[in-house]
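**Q** here is my input, please return the structure:
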Amino acid sequence: MLAVPDPASVIQLPWQRDVAWVAANCVMDGQDLAQAPRNVLRRLIGEAAAEGTHVKTGIEAEFFLLTPEGDQISDPHDTSGKPCYDQQAVMRRYDVVREICDYMLELGWKPYQNDHEDANGQFEMNWEYDDALATADKHSFFKFMTKSVAEKHGFRATFMPKPIEGLTGNGCHAHISVWDGPGAKAKTNVFAGKGEGQTGEVGLSERGKHFLGGIMKHASALAAITNPTVNSYKRINAPRTISGATWAPNSVTWAGNNRT
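**A** Below is the predicted model:
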C-alpha cells in the first residue's frame with residue numbers, strides 16, 4: 001500500500017518553515033484503497049456533487065494539556081469544581097493557546113473562539129467551517145500542531161476521548177450543512193428553511209429534516225465510526241464527573257439544542 005500525497009492539502013509548518021505537512025490518499029495495486037477514510041470521504045463528496053449538493057463541516061476540537069508523563073493535568077492549580085470558561089486557568093496556559101491560535105490565523109483558518117472547557121486541564125479551539133475534506137485535513141493537522149506546540153512548552157496534549165476518570169472527556173462536535181455550491185461558490189444552505197412540523201420550527205428545511213432522520217436511523221451503526229476505540233465508550237453512561245456533566249450522547253434523539 002502506498003500513500004500518495006495530495007498537493008492541494010500542503011501546509012507549511014508555521015513553527016518549522018522548512019517542513020511541509022501533506023495529506024495523502026492510500027493506493028493499492030494502482031487503485032484507491034476503498035476503505036481508507038480519506039478515500040471514503042472523497043467518494044461521498046463526489047456522490048453529493050453529482051446531486052448538486054456540497055457538504056460543509058465545522059468541528060469543535062477538545063483536548064487536555066497533561067504533564068510530559070501523561071499521568072495528570074499540567075496545571076496543579078486548575079482545581080475548580082466547575083472550571084468551564086475559567087479565566088484564571090486559561091490564562092495560565094495562555095502561551096500555548098495563543099501560539100496555536102496565532103498559527104491558525106497565519107494559515108488563514110479564521111479561528112474565532114478559544115476556551116477552557118468543562119474539565120480541569122481541558123481546552124477547546126474553534127475555526128471557521130469549510131468544505132468537508134478541507135475541514136477533515138485541517139482537523140488532522142490541528143491535532144499534530146497542538147501536540148507539537150504543547151511539547152515545545154513542556155506539556156503533552158491528548159485528544160483521547162476519556163483520558164482521566166472522573167473528568168469530562170474530549171468530544172468533537174460536528175456542525176454539518178449542505179450547500180448549493182463548493183467553497184466560495186456556496187450561496188444557499190439547503191438545510192436552512194421553514195419546513196413542516198417541529199423541525200421547521202427550529203429552522204430546518206424539509207431536506208434538513210430528512211438528513212436529521214437519516215442520522216437518527218443510522219446512529220447506532222455510526223457509533224463504529226464516531227466511537228472507534230474502547231476508550232470512546234468510557235464516556236457513554238460514565239459515572240458522574242466532578243463538574244456534574246459528561247456531554248456524551250447516550251440516546252438517539254434530537255432537539256433544537258440538545259448535546260446529550
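
**Q** can you pull out the helices in the stretch 151-260 of the chain?
**A** 197-201, 206-217, 219-226, 230-233 (DSSP state H, counting those that start in this stretch).

**Q** how about the ones you listed in a markdown table, adding mean pLDDT, distance to residue 63 and mean neighbour count?
**A** Placement of C-beta: from N, CA and C, glycine included. Below are the helices of the stretch 151-260 of the chain laid out as a markdown table (pLDDT from 0 to 100; distance: least, Cβ to Cβ, whole Å; neighbours: other Cβ atoms under 10 Å):
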| stretch | mean pLDDT | distance to residue 63 | mean neighbour count |
| --- | --- | --- | --- |
| helix 197-201 | 93 | 33 | 14 |
| helix 206-217 | 95 | 25 | 15 |
| helix 219-226 | 91 | 17 | 11 |
| helix 230-233 | 91 | 14 | 14 |
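
**Q** out of these, which gets nearest to residue 75?
**A** Closest approach to residue 75 among the helices of the stretch 151-260 of the chain (Cβ to Cβ): helix 230-233, 22.5 Å.

**Q** any low-confidence regions in this protein?
**A** Scanning the chain for pLDDT under 70 picks out 259-260.

**Q** what about it, which residue is the most distant from its middle?
**A** In terms of distance from the mean C-alpha position of the chain, residue 29 ranks first, at 32.2 Å (Cα atoms, centre = their mean).

**Q** pull the CA atoms of the lengthiest strand in the chain into PDB?
**A** Across the chain, the longest stretch assigned as strand under DSSP state E is strand 54-66. Output in PDB follows, covering the C-alpha atoms of strand 54-66 (Å, rounded to 0.1, in the frame of the first residue of the first chain):
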ATOM      1  CA  HIS A  54     -21.800  20.200  -1.300                       C
ATOM      2  CA  VAL A  55     -21.200  19.400   2.300                       C
ATOM      3  CA  LYS A  56     -19.500  21.800   4.600                       C
ATOM      4  CA  THR A  57     -18.400  20.900   8.200                       C
ATOM      5  CA  GLY A  58     -17.100  22.700  11.200                       C
ATOM      6  CA  ILE A  59     -15.800  20.900  14.300                       C
ATOM      7  CA  GLU A  60     -15.100  21.700  18.000                       C
ATOM      8  CA  ALA A  61     -11.800  20.200  18.900                       C
ATOM      9  CA  GLU A  62     -11.300  19.400  22.600                       C
ATOM     10  CA  PHE A  63      -8.000  18.400  24.200                       C
ATOM     11  CA  PHE A  64      -6.300  18.100  27.600                       C
ATOM     12  CA  LEU A  65      -2.900  19.600  28.400                       C
ATOM     13  CA  LEU A  66      -1.100  17.000  30.600                       C
END
